[in-house]
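**Q** Let me see the structure of the following:
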Amino acid sequence: MPRATATRAISKPRVLLACVAVVVFALAAATPGAWAASPPPPSGTTLRVPSQFADLEGAIEAAGPGDVILLAPGTYPGGIEIPEDRPGITIRGEDRNAVVFDGQDARTNAIEVTADGVTLENMSAHNFTANGFYWDEVDGYAGRYLTVWNVGLYGIYAISSRGGVMEQSHVSGAADAAFYIGECQPCDATIRNVTATLSAVGYSGTNAGGNLVVEDSRFLLNSVGILPNSFDVGLEPPPQRDAIFRRNEVAGSGTVVTPRTTPLGGYYGVGIGIAGGQGNLVQDNVVRGSTRYGIAVFTSIDRASSWFPARNEVIGNRVSDSVIADLALAGGTGAQNCFRDNEAATALPASIVDTCTSFGTSDPQVEADLVKPPPELLHGLPIPPSYTEMAEPDDQPTMPLEPPVDAPTMGPSAGASAAAGSTTAPGATAAAGATPVPIPTAAVGEPVLLAAILVIVAVFATVIVLVAFRGVRGQAGPP
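**A** Numbers count the residues shown, from 1 in each chain. Presented below is the predicted three-dimensional model:
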């Protein structure tokens, strides 16, 4: 009998435990947000200059891979360096024409990058003594919607780097080259939809090739339009080889006296020149109004060394109104330089039309004009203007901006306050989809509060059960 009584008494705590479990389950079911998994963190944070960081240097120091530094309209001094320990960041202007780096002809570069995977976009730079935007020995880079004018060397520049793209950009008044990708093999890089004008060279690429493409771009009123070239400058060894130049417009090469700090400016009046390169494809370009040669393939000479062009294909181009010749070949060239299906009125030598040449094919006039060491190419040229004297370009199309991603916050942020007053940044185009906003304080605090209530209920129920169980055992007595 006592066992039977004890059994019935002990069943009461079990009933209590069951009741508590039901209550807890019911509360959890009624508040699923308290137990739901937290949303995944954003892929990157937007760091704003100057609303969150007083200057760009401070934002770079705080940035990590995937972060975007967003620059408000204003004038910035430049001289920025992105070190190797800041890979994978993006620096973006809110308005391409209103975010401007001004070197005042005193600073060297607007932005120099030595970190991998860095993107620069939607901003402008001018009057730097060397370069506008510059990547040095990096793996992965992108420059888009950039404007550069009046610089002492290069506008948009990548050296000894691979895996990059330059696009939707405009460079004017560069005293060396407007666009440069060089000293890389393979480069794994593309230049597309850009404009180069009033510069010594529109595109230059020393010893560059290997999945390198320059396409769908305009090279207007430069001393030289497009010039892949082979010279021994101590980095990637010559010759330049295996690049593609297609569907570009090249006009007025040599018709304007441009700034010039490079001896390659001595190739003035050449629309597209292959200087000692091998295995290149020049296809479907429109070249017109060059003051000497439309498309020229020739030997490059540097001190005691020479590099003979070979296996270059010049196919399907429309070349017109060149003063000396639309197509040209010179300098003891290598074999298999092929000129096929081009629209051209003149050629030197005439035998290169619709054929592939043998070793040594040359024309004496082209050789006398172009096959010289670079310093000799400059003899007799007019004194060039300073890069500071060139005209400022017109405003360029700004980049359509996607809404920036902000890190979740426990309270209102500067970005949230700005979003409350405007849905689109100045100069930006609204992107499709909802604009990400910080998580409100209530949304964060409510699940935490409910979870705390559940914990208190569970503890309280456990105490009741223990007390009840001890009381039952006292009443039951020993068996």
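**Q** Assign the residue nearest the centre of the chain to helix, strand or coil.
**A** Most central in the chain under CA atoms, centre = their mean is Ala142, positioned 1.3 Å from the mean C-alpha point. Assigned by DSSP: H, G, I helix; E, B strand; the rest coil, the conformation of Ala142 is strand.
**Q** Apart from its chain neighbours, what residue comes closest to it?
**A** Thr119 (4.2 Å; CB to CB, 6 or more residues apart in numbering). For the C-beta atoms, the positions are set from N, CA and C on the backbone; glycine is no exception.
**Q** ok, and that neighbour, which helix or strand is that part of?
**A** strand 118-126 (DSSP states H and E).
**Q** so what strands line up beside that strand?
**A** strand 90-93 (parallel), strand 99-102 (parallel), strand 139-151 (parallel) (DSSP bridges).
**Q** after that strand, next one along is what?
**A** Trace forward from strand 118-126 with DSSP H and E and the next one is strand 131-136.
**Q** List the strands paired with that following strand, with their directions.
**A** Strand 131-136 has these strand partners (DSSP bridges): strand 109-113 (parallel), strand 156-159 (parallel).
**Q** so which of the strands paired with strand 118-126 gets nearest Ser386?
**A** strand 139-151 (8.8 Å; CB to CB).
**Q** in that closest one, what counts as buried?
**A** Neighbour counts using 16 or more other CB atoms under 10 Å place 140-151 of strand 139-151 among the buried residues.
**Q** The residue nearest to the centre of the chain contacts Leu120, correct?
**A** Yes: Ala142 lies in contact with Leu120 (CB atoms under 8 Å); the separation is 7.4 Å.
**Q** Tell me where the model's unsure across the stretch 301-450 of the chain.
**A** Applying pLDDT under 70 to the stretch 301-450 of the chain flags the ranges 332-333, 403-450.
**Q** And the helices in it?
**A** Secondary structure of the stretch 301-450 of the chain (DSSP state H, counting those that start in this stretch): helices located at 364-370, 374-377, 414-421, 441-476.
**Q** Run the chain-centre distance for the shortest one.
**A** It stands for helix 374-377. Centroid separation for helix 374-377 versus its chain: 34 Å, with CA atoms, centre = their mean, to the nearest Å.
**Q** So which bits of it are buried?
**A** 374, 377.
**Q** Could you list every helix and strand in contact with it?
**A** Using 3 or more CB pairs under 8 Å, 6 or more residues apart in numbering; DSSP states H and E, no helix or strand is in contact with helix 374-377.
**Q** cool, and the first one?
**A** Counting contacts by 3+ CB pairs under 8 Å, 6+ apart, the secondary-structure elements packed against helix 364-370 are strand 270-275, strand 293-298, strand 325-330.
**Q** now those in CSV, with distance to Ser169?
**A** Formatted as CSV, the helices and strands packed on helix 364-370 follow (distance: least, CB to CB, whole Å):
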stretch, distance to Ser169
strand 270-275, 20
strand 293-298, 24
strand 325-330, 29
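**Q** For these, give me TSV that also has distance to His379 and mean neighbour count.
**A** Formatted as TSV, the helices and strands packed on helix 364-370 follow (distance: least, CB to CB, whole Å; neighbours: other CB atoms under 10 Å):
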stretch	distance to His379	mean neighbour count
strand 270-275	17	31
strand 293-298	17	32
strand 325-330	18	27
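**Q** quick one, which of those strands is nearest to Thr197?
**A** Comparing the helices and strands packed on helix 364-370 by their distance to Thr197 (CB to CB), the top pick is strand 270-275, with 13.9 Å.
**Q** mind checking pLDDT for Arg473?
**A** Looking at Arg473, its pLDDT is 45.
**Q** ok so, going back, give the contact list for the residue nearest to the centre of the chain.
**A** For Ala142, the contacting residues are 118-121, 164-166, by CB atoms under 8 Å, 6 or more residues apart in numbering.
**Q** I'd like those residues as TSV, with distance to Gly273, neighbour count and pLDDT appended.
**A** Formatted as TSV, the contacts of Ala142 follow (distance: CB to CB, whole Å; neighbours: other CB atoms under 10 Å; pLDDT from 0 to 100):
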residue	distance to Gly273	neighbour count	pLDDT
Val118	31	22	98
Thr119	31	18	98
Leu120	29	29	98
Glu121	30	21	98
Gly164	23	23	98
Val165	24	18	98
Met166	20	30	98
